[in-house]
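>>> how would this look folded up:
(one chain, ligands or ions: 3)
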Amino acid sequence: MPSIFSYQSAEVDWCEGNFERSTVIAEYYNTVNGTTLFSLLLLTPLNFLVLRVLGCGTFPELQVNHGTFIAYNSQLLRKRAGVRGVFSVYFHMTLSYMGQLLDELSILWTLAVAYSFWYPRVYFPRCIKSRKHFFWLSGVTTVISTLMSFIKPAFNAYVLNCIAFHLLYLTWCELKKCNDKRVHRVAAVMVVWWVLAISSWISDRWLCGLWQAINFPYFHSFWHLLIAMSLLYCFPLVIYFDVNYEMPSFKPKLGYWPSDSWPVVVPYVALEEPHKQC
Ligand SMILES: CCCCCCCC/C=C\CCCCCCCC(=O)N[C@@H](CO)[C@H](O)/C=C/CCCCCCCCCCCCC
Ligand SMILES: [Ca+2]
Ligand SMILES: [Zn+2]
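Ligands and ions are numbered 1, 2, ... in the order given. You can find the predicted model right below:
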């Protein structure tokens, strides 16, 4: 009976050929590209710097508290996503059962933390009266989901991917109430990257025979890059709406680094004088 740590003991094997480029790395390109989530960590200090230079200068009395708060939120989101990248790399390097579970459970728990902290109160179920109650609901749901994930691990990734549809619905609800064109642009770009990402993920799982026939089985490695780009636009949106709900006296503004005119930009949250648009 192979150990749960054994190479290729996972219930899932991606399209890329195994051990083609290394004797210790099962899926070379999936492993290398699995590190893209770390890149999100590198962008956090930039976001913090921008908040201090462009945003919080107008609220010197809160420079430490408020700028740190938003940067902290953004950093927490990106740090959780960055740590996630470790398990994805281990999973593709070994294709082990433990690697698969660590990868999927870390996504589940990262989503649980993100929902617990940043799910808008206006969408709480009627029976939930406070953020503390929502924490408990999220915790219980996550523990039950964790136990259920051992039943049929091959289904876990499909269930996790369905959470993106709920995020799309939340985004749509928020955009209906918001007339800030920059928010709509960031949301649109986030969705485009996600559509490309999920198309690559599904393509790798369901059309592997076709891609192997033309010797191009790399769509899952594209998924890692594309979902990281989608998250890069998702995080500032989450922080933007969180500030609107939780700090109504401030007006967050989405900025683009290096500048609006560049074709590929890094979105960030800055602070503006307090007046409402969304
Ligand atoms: C108010 C709620 C705020 C939620 C903010 C969203 C926080 C997202 C945090 C973590 C998601 C990490 C997803 C990256 C997965 C990388 C690892 C990976 O690729 N694993 C695969 C195997 O290598 C595995 O097959 C994939 C499993 C499913 C991933 C499910 C991701 C769902 C969430 C995606 C969020 C996209 C944002 C855009 C939504 C339109
Ligand atoms: Ca493979
Ligand atoms: Zn992967």
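>>> you'd agree N161 is up against W201?
Yes - in terms of C-beta atoms under 8 Å, N161 counts as a neighbour of W201; the distance is 7.0 Å. The way it works is simple: take the backbone N, C-alpha and C, and place the C-beta from them, glycine included.
>>> higher neighbour count, these two?
W201 (21 against 16; other C-beta atoms under 10 Å).
>>> which residue, other than its chain neighbours, is closest to the more buried one?
Spatial nearest neighbour of W201, excluding adjacent residues (C-beta to C-beta, 6 or more residues apart in numbering): W223 at 4.5 Å.
>>> rounded mean pLDDT for the helix or strand where the one you found lies, please.
Assigned by DSSP states H and E, W223 falls within helix 219-246. For helix 219-246, mean pLDDT is 93.
>>> next helix or strand past that helix?
Taking DSSP H and E, what comes next after helix 219-246 is strand 251-257.
>>> spell out which strands sit alongside that next one in the sheet and which way each one runs.
strand 266-272 (antiparallel) (DSSP bridges).
>>> what angle do the partner strand and helix 219-246 make?
10 degrees (axes from the mean of the first three to the mean of the last three C-alpha atoms, to 10 degrees).
>>> can you classify G209 by secondary structure?
helix (DSSP: H, G, I helix; E, B strand; the rest coil).
>>> same check, this time on the one 3 residues further on
Three-state call for Q212 (three-state DSSP): helix.
>>> which non-adjacent residue is nearest it?
Per C-beta to C-beta, 6+ apart, closest to Q212 is C15, 6.4 Å.
>>> that neighbour: which element?
With DSSP H and E as criterion, C15 is part of no helix or strand.
>>> on the pLDDT front, check it for me.
pLDDT, C15: 97.
>>> so what's the residue count around it?
C15, neighbours per other C-beta under 10 Å, totals 22.
>>> ok, the one 5 residues further on next?
Other residues near E20 come to 12 when the count uses other C-beta under 10 Å.
>>> give me the pLDDT for it.
So, for E20, pLDDT stands at 95.
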